[in-house]
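Trainee: Quick one, structure for this:
(2 chains)
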2 protein chains.
Amino acid sequence: MVSFVQFSYELSLKHESEYFLSRPIYAHINSDAMRHNLERVRELVPGSKVWSVVKANAYGHGLASAFEGLKTTDGFALLDLAEAKLLRDMGWQGPILLLEGLFSQEDIFLVSDLHCDCVVHHIDQVDWLEALSEAKHGASSHLPKIYLKMNTGMNRLGFRPNEYKEIYHRLHASGYGISHMTHFANADYVDRSPSVDEQAEIFHQAIEGFEGDRSLANSAAVLWHHHMFFSDWVRPGIMLYGASPSGKYEDIEHAKLQAVMSLNSKIIGIQHLDAHESVGYGSRYKTDVPIRIGIVACGYADGYPRHAPDGTPVWIAGPNGLADGKVCRMAGQVSMDMITVDITDMPHVDVGTDVQLWGNFLPVDAVAQSAGTIGYELLCALAPRVPRTG
Amino acid sequence: MVSFVQFSYELSLKHESEYFLSRPIYAHINSDAMRHNLERVRELVPGSKVWSVVKANAYGHGLASAFEGLKTTDGFALLDLAEAKLLRDMGWQGPILLLEGLFSQEDIFLVSDLHCDCVVHHIDQVDWLEALSEAKHGASSHLPKIYLKMNTGMNRLGFRPNEYKEIYHRLHASGYGISHMTHFANADYVDRSPSVDEQAEIFHQAIEGFEGDRSLANSAAVLWHHHMFFSDWVRPGIMLYGASPSGKYEDIEHAKLQAVMSLNSKIIGIQHLDAHESVGYGSRYKTDVPIRIGIVACGYADGYPRHAPDGTPVWIAGPNGLADGKVCRMAGQVSMDMITVDITDMPHVDVGTDVQLWGNFLPVDAVAQSAGTIGYELLCALAPRVPRTG
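Mentor: So this is what the prediction gives:
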């Protein structure tokens, strides 16, 4: 694992120079919308503190923008020590939670330097933390705070309830301050087992009599289950970015969230097709009547989902711009750098007309749903070659 | 469009520091395999010159690695002036082709500075180039070389055959040297119309009597149609990276291509499940009998396809490492940062065991096919948070 290639160089070149302005695609990141969405969290769970989840470069939005929009949060939660370092460099002095804790024993030094709190979800991490405590003679002021993770039915990370007590006592005996956490498998479903109620019940039974804060609620639980139990700390992620935890826009339509990322581009070509012609790779889309196709500078190498079928919504500007636009329909297979859209009903559209792939005019979840996925995936998948503007 | 956020800063921080070594996922880029794949192109079409297609950061592999592996090519083809600039900075003095040509009239200055050849696919580009020629008094030594694109049935970019002649004469009269190109819609299908033969026939008829090189063949045409027509310049992309143009690994199994990108990670957690339990979001995977689940540090925010179903292949190392490994099966919904794999038959697997998501042991196309897409998309979608090693 030597010689890390100069990928960063390439990207910084791209984003520092003016060259990237050539291709017309860009993502606008609206920090005000993030701020608004955080306020919505506070209105829904007024007694809880908020871990704003900003892992994966703030779900593709850029950590700097997220810091700008979310700096009134109580803490930031993420995975990666590089992101923790960046937050400290930007001036964040509050809590940072590492959602998967230590990946190796060596991480402990960086975690201490950066004053991060740590999730503990497997037994090796307990061994590493005991060793640290011995080295520090158990002085709790020098030890990271622990979020001990219980597996209450997600069956991904964490200790079973019957193991939890022993782990808790081991860490407690080593001088660690311990909070309790679990994660819901089905907070965005009404009919699946284990339900939020079942998981919360298991959790509360297992920690009965233990000291420490409790953290249960992700975005879905904040939106739809906040009245069922109290979470000292909630952990919203996707709702901060204005997309739906369920992947269905109609589920958040009345939650007054605002879209944070708008992915915009332009028409770069037009084709007039006769009846019985076809469009793109595999000639998937076939015409019954003459139509007009607009070619948009956005493809799967920008992060647009390749599996989006014909009919996927694309927002095309009207004669007076994007706000005056309407939904048109994809026609033909998504290419690496282009999509093709039926613009027959939009005679004003020409090379240079503005297009929105998703954002304030077209919910990312509507595009994701058409492509058989959820908004999360599209936001995270935005490619580094797409410049972000703020 | 002001204040481009400091995304590059974040990434360079990440890739320059040692922090990123914490999470165990990384992509190994094998430049020798790229070199080998380019040799395979030369063996298949010995009389043709080769535009190596390196758009989209070399299909996610990193342009620096691609330059290292492909520097014996005849030219590089790409979209983005930032990538052209990077190739020049790395010392490439040969031809560079901009596959979508100018996005705006202002691009012409950078194109001239960087000595790029330009595709011309719509009428505005012709107007811009005529204006340039007038400014330069038609001195061909100062004008970019043109690849004039004909739409022979792809119906995406380019001029119809009946328009082509007039455009050709306009550019020729302005002093431009002109090559002819088209793009196939169905070179990876045997039964779809328009076929490669039909498109090549239309193309050759329309340029009859015109001077200039011809460029027709993409990877699929190089692999499967190279005996049908001659292409002065071929334009392989995906085959240089060792994946299949059709998205089906069996189609290239005998073509002696080598995988270039290997995406590797590790097991970070283990769960023992009883019968009638479930795994992950939506509790999609349900157990009939007791099983053992390995949790791998790789999720859709790393570029792994979220729509991969239960049963998608994942390569898990054996007791003697990755080469001693075997295919296991995904069990449960892909999360943002993790996948869950059935490792019941692999008793040696523990936290820290090596895993390959795709690469030299597991074709990317096998994973893509399971997820309903093609290797191209997965390679391009590799997230910036995943470090590349070379």
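
Trainee: And the residue of the stretch 251-390 of chain A closest to chain B?
Mentor: Nearest residue of the stretch 251-390 of chain A to chain B: residue A:301, at 3.6 Å (C-beta to the nearest C-beta). All C-beta atoms are positioned from the backbone trio N, CA, C, and that covers glycine.

Trainee: Go ahead and confirm residue A:25 touches residue A:386.
Mentor: Yes - using C-beta atoms under 8 Å, residue A:25 is in contact with residue A:386, at 5.6 Å.

Trainee: If you count surrounding residues, which of those two has more?
Mentor: Just comparing residue A:25 and residue A:386: by other C-beta atoms under 10 Å in any protein chain shown the higher neighbour count belongs to residue A:25, 25 against 21.

Trainee: Tell me how far that one lies from residue A:283.
Mentor: Residue A:25 is 26 Å from residue A:283, where distance means C-beta to C-beta, to the nearest Å.

Trainee: Quick check: phi and psi on the closest residue to residue A:301 other than its chain neighbours?
Mentor: Using C-beta to C-beta, 6 or more residues apart in numbering or on different chains and skipping the chain neighbours, the partner closest in space to residue A:301 is residue B:56 (3.6 Å). Torsion angles at residue B:56 (phi, psi; degrees, to the nearest 10) stand at phi 50, psi 50.

Trainee: so the closest residue to residue A:354 other than its chain neighbours, which of the three states?
Mentor: Distance criterion C-beta to C-beta, 6+ apart; nearest residue to residue A:354, sequence neighbours excluded, is residue A:317 at 4.0 Å. Going by DSSP: H, G, I helix; E, B strand; the rest coil, the secondary structure assigned to residue A:317 is strand.

Trainee: thought residue A:317 was touching residue A:324?
Mentor: Yes - when contacts are counted by C-beta under 8 Å, residue A:317 is listed as touching residue A:324 (6.8 Å).

Trainee: More neighbours: which of those two?
Mentor: Between residue A:317 and residue A:324, residue A:317 has the larger neighbour count (other C-beta under 10 Å), namely 23 against 10.

Trainee: show me the contacts for the more buried one.
Mentor: For residue A:317, the contact set (C-beta atoms under 8 Å, 6 or more residues apart in numbering or on different chains) comprises A:324-325, A:349, A:353-356.

Trainee: can you check residue A:87 too?
Mentor: Contact analysis of residue A:87 by C-beta under 8 Å, 6+ apart lists A:54, A:63, A:67, A:76, A:78, A:96.

Trainee: What's the local residue count around the nearest residue to the first one once chain neighbours are set aside?
Mentor: In this case it means residue A:54. Once flanking residues are discounted, residue A:54 sits nearest to residue A:66: 4.8 Å by C-beta to C-beta, 6+ apart. By the criterion of other C-beta under 10 Å, residue A:66 has 28 neighbours.

Trainee: buried stuff in the top strand by length along chain A?
Mentor: In chain A, with assignment by DSSP state E, the single longest strand is strand A:261-273. Judged by neighbour count using 16 or more other C-beta atoms under 10 Å in any protein chain shown, the buried positions of strand A:261-273 are A:261-271, A:273.

Trainee: Then stretch A:344-357?
Mentor: Using 16+ other C-beta under 10 Å as the test for burial, stretch A:344-357 gives A:344, A:346, A:349, A:351, A:353-357.

Trainee: In strands only, show me those.
Mentor: Those of the buried residues of stretch A:344-357 lying in strands (DSSP E): A:354-357.

Trainee: what's the spatially most central residue of chain A sitting at in phi/psi?
Mentor: By C-alpha atoms, centre = their mean, the mean C-alpha position of chain A lies nearest to residue A:59, the distance being 3.1 Å. Backbone torsions of residue A:59, given as degrees, to the nearest 10, read phi 50, psi 40.

Trainee: Which strand or helix spans residue A:42?
Mentor: Using DSSP states H and E, the secondary-structure element containing residue A:42 is helix A:31-44.

Trainee: Now do the same contact list for the residue of the stretch 51-200 of chain A found nearest chain B.
Mentor: Using C-beta to the nearest C-beta, the single residue of the stretch 51-200 of chain A nearest to chain B is residue A:56, 3.6 Å away. By C-beta under 8 Å, 6+ apart, the contact set of residue A:56 is A:79, A:380, B:301, B:336-337, B:383, B:385.

Trainee: repeat that with 7 Å
Mentor: A:380, B:301, B:336, B:385 (C-beta atoms under 7 Å, 6 or more residues apart in numbering or on different chains).

Trainee: Could you give the number of residues near the third one?
Mentor: Think residue B:336. For residue B:336, the tally of surrounding residues (other C-beta under 10 Å) stands at 21.

Trainee: One more: residue A:43?
Mentor: By other C-beta under 10 Å, 9 other residues sit near residue A:43.

Trainee: what about the nearest residue to residue A:100 once chain neighbours are set aside, how many residues close to it?
Mentor: Nearest non-adjacent residue to residue A:100, counting by C-beta to C-beta, 6+ apart: residue A:79, 5.5 Å away. Residue A:79: 26 surrounding residues under other C-beta under 10 Å.

Trainee: Just to check, residue A:79 is in contact with residue B:337?
Mentor: Yes - the pair residue A:79 / residue B:337 is scored as a contact, 5.9 Å apart, by C-beta atoms under 7 Å.

Trainee: Quick check: neighbours shared by these two?
Mentor: residue A:55.

Trainee: what's in contact with the host helix or strand of residue A:77?
Mentor: Taking DSSP H and E as the definition, one finds residue A:77 inside strand A:75-78. Strand A:75-78 has contacts (C-beta under 7 Å, 6+ apart) with A:51-55, A:84, A:87, A:92, A:94-97, A:99, A:235.

Trainee: at 10 Å instead, please
Mentor: With contacts defined as C-beta atoms under 10 Å, 6 or more residues apart in numbering or on different chains, strand A:75-78 is touched by A:49-58, A:63, A:66-67, A:70, A:83-84, A:86-87, A:92, A:94-100, A:116-117, A:119, A:147, A:215, A:233, A:235-237.

Trainee: What helices and strands are in contact with whichever strand or helix holds residue A:166?
Mentor: Per DSSP H and E, residue A:166 falls inside helix A:161-173. Here helix A:161-173 touches strand A:117-120, helix A:123-135, strand A:146-150, strand A:178-182, helix A:196-206, going by 3 or more C-beta pairs under 10 Å, 6 or more residues apart in numbering or on different chains; DSSP states H and E.

Trainee: what would the ones you listed look like in TSV with mean pLDDT, mean neighbour count and distance to chain B?
Mentor: TSV is the format used below for these (pLDDT from 0 to 100; neighbours: other C-beta atoms under 10 Å in any protein chain shown; distance: least, C-beta to the nearest C-beta, whole Å):
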stretch	mean pLDDT	mean neighbour count	distance to chain B
strand A:117-120	98	24	11
helix A:123-135	95	18	5
strand A:146-150	98	26	10
strand A:178-182	98	23	14
helix A:196-206	96	18	11
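
Trainee: re the thing from before, please list which of the buried residues of strand A:261-273 are also close to chain B.
Mentor: Residues of the buried residues of strand A:261-273 in contact with chain B (C-beta under 10 Å from any C-beta of the partner chain): A:264, A:266, A:268-271, A:273.

Trainee: Closest one to residue A:210 out of these, please.
Mentor: Using C-beta to C-beta, residue A:264 is the member of those that lies nearest residue A:210, at 50.1 Å.

Trainee: Look up which residues are beta-bridged to that closest one.
Mentor: Counting by DSSP bridges, residue A:264 forms beta bridges with residue A:26, residue A:356.

Trainee: separation between it and residue B:157?
Mentor: As judged by C-beta to C-beta, residue A:264 and residue B:157 stand 20 Å apart.
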